[in-house]
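>>> Predicted model and sequence follow; I will ask about them next.
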Protein chains: 2
Amino acid sequence: MADQSAAPPRKPRADAIRNRELVLKAAKSVFSTGGADASLEAVARRAGVGIGTLYRHFPTREALFEAVYRREVDQLGELAEQLKKEAAPVDALRRWLRSNVEFVATKKGMSAALAIVVQGSSELSVYSFDRLTKAVGGLLDRAVAAGEIRSDISPEDLLRALVGMCYMHDQPGWQKSVLRLLDVFVDGLRVQAGTGGQATARSHPRDIATGARESPRHKSGKVRK
Amino acid sequence: MADQSAAPPRKPRADAIRNRELVLKAAKSVFSTGGADASLEAVARRAGVGIGTLYRHFPTREALFEAVYRREVDQLGELAEQLKKEAAPVDALRRWLRSNVEFVATKKGMSAALAIVVQGSSELSVYSFDRLTKAVGGLLDRAVAAGEIRSDISPEDLLRALVGMCYMHDQPGWQKSVLRLLDVFVDGLRVQAGTGGQATARSHPRDIATGARESPRHKSGKVRK
DNA sequence: TTGAAAAACGGAGTACCCCTCCGTATATCC
DNA sequence: GGATATACGGAGGGGTACTCCGTTTTTCAA
């Protein structure tokens, strides 16, 4: 469902496949230990290939990230499906968010990957962004439909909040902190019975949320500096 | 209140003072337009001083950031004081958070500065971290004392959530998005009358907040990669 | 006023890193 | 067993971070 375009019938070369795999493996390892902005030359070095080879397979840092963490992203997508079946709407949402935190905690570099997925607009990261947006969107819609959650927050908003909170990973107590924050956040999402309290800053009743929910897939030009 | 230490009685040299100021001014301008990771050599160039001079005055990028944005940080601190007098607890908190977003929106580079303040453990950033922590802590405590806000969230938590959310500045609609998210968050902070709902994840009643409120100033070694 | 010494200056130098380009090597397929 | 499409690798151009040290400037005491 992806390779048409007049099918030039040449098998991909064996060494190309092999090297691609080597680079992926090296990248996984290097990113895990060295963090998000490790040197790509280090990756090539570790993979035992030339820097040119690395760049041919993955033209940008994002592309490499994407490839390395696509498996993880897929898992998160599947988890969302599963939770949709197994848990009550709000609970499912909460658990999915929490699972994200665990992912980030486990795989160092995952945080940066998520950040790139959410921030970058590189052609390649669209897939992951879609996948995650849909995952959280599904959970969100269900909870909204059940009347348990306010309707003016988009999946993108939520995703970015999540990624933002995980941004501070590598702080001493970050994980607990983020879990706490997520709970607060989910509580805030719940439709409030009579929060009329003292109205606080209800000066922005729903200035957005004009049904349009932002434009998904806004595309636009490069972001490269 | 700061210069004791056996006072070796040598006035600081005039050119040193002048150059420090030049570098600061240049940095402000360069960071504003060029973003967080602009070249320090560009800063030196614009200041009309050698790169060595820049490094002597500000040994690290963080140090320079700190110095550039200290004024802003102070302003935020004062704003908190003011709001404490002028507004109701929860409202004050909300407004302070919103002001932060505006700051980031106005000064490009402020976001990165905040991130460094929150993340970095460099000696210099301690001041700012303290200042902001106390600012938000004051607002928070007041709201907690008034019984309007849950008590298991520390100022540090809040600060980091804020910075995290601003992390995605430079996205198309980020500002509105973050303001929305902040509202959700503040709503979540409010003491809920009878959220007994399905209990969801109330499994961390106040595991922290044991009065100690984490340890500020954790120091530890370099963070340089 | 003067001149020695402390303090600051500035930029060349080292060590990385990103990314491109292209001559060389190798797998495919007829 | 070639011909040729593909892939390889690394030199090279252009940057940046940060250090080191010979030179210049300022201070201050005599």
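On my side now, so go ahead. Numbering: from 1, shown residues only, chains lettered A, B, ... in the order given.

>>> In chain A, spot the helix with the most residues.
helix A:61-86 (DSSP state H).

>>> Any part of it near chain B?
No. Using Cβ under 8 Å from any Cβ of the partner chain, helix A:61-86 never reaches chain B; the gap is at least 13.2 Å. Using the backbone N, CA and C atoms, a C-beta is placed for each residue, glycine as well.

>>> Identify each buried residue in that helix, please.
With burial defined by 16 or more other Cβ atoms under 10 Å in any protein chain shown, the residues of helix A:61-86 counted as buried are A:61-70, A:72-73, A:76-77, A:79-80, A:83-84.

>>> Now do the lowest-mean-pLDDT helix or strand in chain A and helix A:61-86, the angle between them.
The weakest-scoring helix or strand in chain A, judged by mean pLDDT, DSSP states H and E, is helix A:110-119 (a mean of 82). Counting by axes from the mean of the first three to the mean of the last three Cα atoms, to 10 degrees, helix A:110-119 lies at 90 degrees to helix A:61-86.

>>> Would you check that my belief about A:Leu22 contacting A:Thr53 is correct?
No. Using Cβ atoms under 8 Å, A:Leu22 makes no contact with A:Thr53, being 9.0 Å away.

>>> check the buried residues of helix A:61-86 against DNA strand C, which are close?
A:Arg61 (Cβ under 7 Å from any atom of the strand).

>>> Enumerate every residue touching A:Leu159.
By Cβ atoms under 8 Å, 6 or more residues apart in numbering or on different chains, A:Leu159 lies in contact with A:118, A:132-133, A:136.

>>> How far away from the center of its chain is the host helix or strand of it?
Take DSSP states H and E as the rule and A:Leu159 turns out to sit in helix A:155-166. Relative to its chain's centre, helix A:155-166 lies at 9 Å (Cα atoms, centre = their mean, to the nearest Å).

>>> same deal with stretch A:30-46?
The mean C-alpha position of stretch A:30-46 is separated from the chain mean by 20 Å, Cα atoms, centre = their mean.

>>> do stretch A:170-190 as well
On Cα atoms, centre = their mean, the centre of stretch A:170-190 falls 17 Å from that of its chain.

>>> for stretch A:60-74, same thing?
That offset, for stretch A:60-74, works out to 10 Å (Cα atoms, centre = their mean).

>>> can you tell if that stretch touches DNA strand D?
No. Using Cβ under 7 Å from any atom of the strand, stretch A:60-74 stays clear of DNA strand D, coming no nearer than 14.0 Å.

>>> Domain boundaries for chain A, per the record?
A:15-58, A:69-189 (automatic domain parsing).

>>> DNA strand D contacts on chain A?
Contact residues (Cβ under 7 Å from any atom of the strand) of chain A with DNA strand D: A:8, A:10, A:12-13, A:15-16, A:18-20, A:48-53, A:55-57.

>>> Near DNA strand C, which residues of chain A are found?
By Cβ under 7 Å from any atom of the strand, the residues of chain A that approach DNA strand C are A:9-11, A:13-15, A:37, A:39-42, A:51-52, A:55, A:59-61.

>>> Now restrict these to buried residues only.
Among these, the ones that count as buried by 16+ other Cβ under 10 Å are A:40, A:60-61.

>>> Can you pull out the low-pLDDT segments for chain A?
Per-residue confidence for chain A (pLDDT under 70) gives these ranges: A:1-9, A:121, A:193-225.

>>> buried residues in the helix or strand harbouring A:Lys176?
Using DSSP H and E, the element containing A:Lys176 is helix A:174-189. Using 16+ other Cβ under 10 Å as the test for burial, helix A:174-189 gives A:174, A:177-189.

>>> Please apply the same query to stretch A:91-106.
A:91-98, A:100-101, A:103-105.

>>> In helices, which of those fall?
For the buried residues of stretch A:91-106, secondary structure assignment (DSSP H) places A:91-98, A:100-101, A:103-105 in helices.

>>> near chain B too, which of the residues you listed?
Restricting those to those near chain B - Cβ under 8 Å from any Cβ - leaves A:91, A:94, A:98.

>>> ok, back up a step: I'd like the contacts of A:Leu159 as JSON lines, with secondary structure appended.
Shown next, in JSON lines, are those (DSSP: H, G, I helix; E, B strand; the rest coil):
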{"residue": "A:Val118", "secondary structure": "helix"}
{"residue": "A:Leu132", "secondary structure": "helix"}
{"residue": "A:Thr133", "secondary structure": "helix"}
{"residue": "A:Val136", "secondary structure": "helix"}
